[in-house]
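J.: the amino acid sequence is not available; the structure is as follows:
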């Protein structure tokens, strides 16, 4: 059985495992605290939260929260992916990529137009993310010039990317300048 069959949406009973995944993957509590805050934040909804499971137990998690554009009237939803985590002992096995692929299938069916992420361009470009600035899509807070390519977008609906511009507004729990440093 591949990892794809072992990825599912999280429930309330998964919270402890989800928080452990983030603390383990990042080696600190900050990302786990962000996940907990986003899951409880009404402005982050609708959210998609997926967990990856292996025979050894929970190994990965991905979270998406609601976003909007300041200058867009498009009726389709936009989401921010933050964070994505895989426990250190399971990294390098494609679990993060499977979490992204599974999420994209869910979000495409749900009619999501664009997904944003602030992360490593070398990694996310392999998953069809492109620098958002070239499309006139700004992050909630300024990104340092040397890291502008880390603010990325992926279109899930044809014709939207390039037809909208503006600054992305994120959920309250994510709306802190310290989360926007890459």
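T.: That came through, no problem. A quick note: this is a predicted structure, and the numbers were derived from the prediction, not measured.

J.: can you pull the contacts of residue 124?
T.: Residues counted as contacts of residue 124 (C-beta atoms under 8 Å, 6 or more residues apart in numbering) are 117, 152. Yep, even glycine has a C-beta here, placed from its N, CA and C like the rest.

J.: what about it, which SS state?
T.: Under the three-state scheme (DSSP: H, G, I helix; E, B strand; the rest coil), residue 124 adopts helix.

J.: give me the distance between it and residue 168.
T.: Computed with C-beta to C-beta, to the nearest Å, the distance linking residue 124 and residue 168 is 16 Å.

J.: got it, and residue 176?
T.: 14 Å.

J.: what bits of the protein have low per-residue confidence?
T.: Scanning the chain for pLDDT under 70 picks out 1-5, 182.

J.: hey, where'd the helices end up in it?
T.: 15-26, 30-40, 95-109, 121-124 (DSSP state H).

J.: what's the second one in contact with?
T.: Taking C-beta under 8 Å, 6+ apart as the criterion, the residues outside helix 30-40 that touch it are 15, 18-20, 22-23, 25-26, 44, 47, 49, 61, 63, 65, 82-83, 85, 171, 173-174, 179.

J.: may I see the buried residues of that helix?
T.: The neighbour-count check on helix 30-40 (16 or more other C-beta atoms under 10 Å) flags 31-32, 34-36, 38-39 as buried.

J.: could I get those as JSON lines with distance to residue 133?
T.: Below are the buried residues of helix 30-40 laid out as JSON lines (distance: C-beta to C-beta, whole Å):
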{"residue": "31", "distance to residue 133": "24"}
{"residue": "32", "distance to residue 133": "30"}
{"residue": "34", "distance to residue 133": "24"}
{"residue": "35", "distance to residue 133": "27"}
{"residue": "36", "distance to residue 133": "30"}
{"residue": "38", "distance to residue 133": "24"}
{"residue": "39", "distance to residue 133": "29"}
